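>>> just need the structure, nothing else, for what follows:
(3 chains)
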Amino acid sequence: MPELPEVETMCRGIASVVGSRIESVQRPPCRLRPCLLQPRIDAFDRRVRGKRIESIGRRGKRVLIYLDDAQVIVIEPRMTGLVLLVDPPTVEHLRLRVDLTGGSEPQLLIWDRRGLGTIRLLHQEEFAETVDVRLGVDALQITADQIREKLASSQRPIKVALLDQAAVAGIGNLYAAEILFLAGVDPRTRCDKLSRPQWQRIHKAIGDVLNEAIRYEGSTLGDGTYRNVLNDPGGYQNCHRVYDRAALPCPRCEKGVIRRIVQAQRSTFFCPICQRKTGVHPLVAE
DNA sequence: CATATGTCCTGAGAGC
DNA sequence: TGCTCTCAGGACATAT
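From the prediction side, this is the model:
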């Protein structure tokens, strides 16, 4: 489930393709339902052939590959998508192959077990108008004031609001849980009931958790799906404090038992002692 | 307008 | 053992 840290790891991993030229783009034969590819493979291939990769970018959970003619390839891995520079985990889930010339990498692969991911080729203007405008400020760029101003009037629970990409871009289910744990905030708290100190702590926790996860190259969960561009697992799953740890003791207070609840059809994990509805728990205070 | 729900997809794991 | 069922959740479409 690539979220910001996993997508950032992919972007850093493919930095070596900058300067290469795209020789061709192909969709390997696959009897599974194909990923969304826009435009279809023939037009896609025609439009990128011979183009030089100018830079790599990231916006929220999307990988951006900028070409030298103001086009950009926008990759959304969603649940199980991967960007790879080496042989994929399985051949049957290989969705796209980008052959390269003139650089150190022979090819770039898009692999996706469930096929919910999307790959789109857009003109930069089109990207700005259709994709970029729908996204909030990137989670690593946003200021404490910006996030509070954006969400302070919302009646939604803070956990649900953090997943809203139009509010803040890049946070998903796993990191929302870890962020609120670090901030010492109950995930059920309505945004409009949060205090300024709580917003400050949430903002700080966003940076702390995401940057720490990036250092570990993201989280590879039990199903083992997520891999970096060299097909190696991440390491942050060993640092998870609450995510997928229901019924285990809280790693901070050691008295609370991690609870699992469902919010907006998604699992939420938290410590009922460290993440109280109001007030600053002594263990979380500065 | 804000918020809530349904949908897509595959494979793992539970339960019988 | 082998089948069926449920669940995982990203982003968007549709509903309230």
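>>> give me the next element, helix or strand, following the host helix or strand of residue A:46.
Using DSSP states H and E, residue A:46 sits in helix A:41-48. Next in sequence after helix A:41-48, counting helices and strands by DSSP H and E, comes strand A:53-59.
>>> what is that next one packed up against?
helix A:4-13, strand A:62-67 (3 or more C-beta pairs under 8 Å, 6 or more residues apart in numbering; DSSP states H and E). C-beta: built from backbone N, CA, C; applies to glycine.
>>> so which of these is nearest DNA strand C?
Taking C-beta to the nearest atom of the strand, strand A:62-67 is the member of these nearest to DNA strand C, at 6.8 Å.
>>> direction included, what does the next helix or strand after the closest one pair against?
As assigned by DSSP H and E, the chain's next helix or strand after strand A:62-67 is strand A:71-76. Sheet pairing of strand A:71-76 (DSSP bridges) gives strand A:62-67 (antiparallel), strand A:118-123 (antiparallel).
>>> residues of the helix or strand following the last one that come out buried?
It stands for strand A:118-123. Per DSSP H and E, the first helix or strand lying C-terminal to strand A:118-123 is helix A:124-130. Neighbour-count burial for helix A:124-130, counted by 16 or more other C-beta atoms under 10 Å, picks out A:126, A:127.
>>> same deal with stretch A:18-31?
A:20, A:21, A:22, A:23, A:25, A:27.
>>> quick one: those as CSV, columns for distance to residue A:142 too.
Rendered in CSV, the data for the buried residues of stretch A:18-31 read as follows (distance: C-beta to C-beta, whole Å):
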residue, distance to residue A:142
A:20, 33
A:21, 36
A:22, 33
A:23, 39
A:25, 34
A:27, 36
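>>> run through the residues of the stretch 51-200 of chain A sitting next to DNA strand B.
Residues of the stretch 51-200 of chain A lying close to DNA strand B by C-beta under 7 Å from any atom of the strand are A:79, A:92, A:93, A:113, A:114, A:115, A:116, A:154, A:155, A:156, A:160.
>>> about what we covered before: turn the strands paired with strand A:71-76 into JSON lines, including mean neighbour count, mean pLDDT and distance to residue A:98.
Formatted as JSON lines, the strands paired with strand A:71-76 follow (neighbours: other C-beta atoms under 10 Å; pLDDT from 0 to 100; distance: least, C-beta to C-beta, whole Å):
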{"stretch": "strand A:62-67", "mean neighbour count": "22", "mean pLDDT": "96", "distance to residue A:98": "9"}
{"stretch": "strand A:118-123", "mean neighbour count": "19", "mean pLDDT": "95", "distance to residue A:98": "10"}
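>>> that older thread, looking at the residues of the stretch 51-200 of chain A next to DNA strand B, which are in helices?
Using DSSP state H, residue A:160 are the members of those that sit in helices.
>>> what about the residues of the stretch 51-200 of chain A next to DNA strand B, which one has the most neighbours?
For these, neighbours were counted using other C-beta atoms under 10 Å, and residue A:93 has the most, 21 neighbours in all.
>>> what backbone torsions are found at residue A:248?
Dihedral pair for residue A:248: phi -90, psi 160, per degrees, to the nearest 10.
>>> what residues are up against the residue nearest to residue A:247 when sequence neighbours are not counted?
What sits nearest to residue A:247 in space, not counting adjacent residues and going by C-beta to C-beta, 6 or more residues apart in numbering, is residue A:257, at 6.1 Å. Residues near residue A:257 by C-beta atoms under 8 Å, 6 or more residues apart in numbering: A:247, A:248, A:249, A:250, A:271, A:272.
>>> hang on, the earlier thing: what angle do the helix holding residue A:46 and strand A:71-76 make?
Helix A:41-48 and strand A:71-76 are oriented at 130 degrees to each other (axes from the mean of the first three to the mean of the last three C-alpha atoms, to 10 degrees).
>>> and helix A:41-48, what does it pack against?
Where contact means 3+ C-beta pairs under 8 Å, 6+ apart, helix A:41-48 is packed against strand A:21-26, strand A:71-76, strand A:118-123.
>>> pairing partners for the helix or strand that the first one is followed by, with directions?
Spelled out, that is strand A:21-26. Next helix or strand after strand A:21-26 toward the C-terminus (DSSP H and E): strand A:36-38. Strand A:36-38 sits in its sheet next to strand A:118-123 (parallel), going by DSSP bridges.
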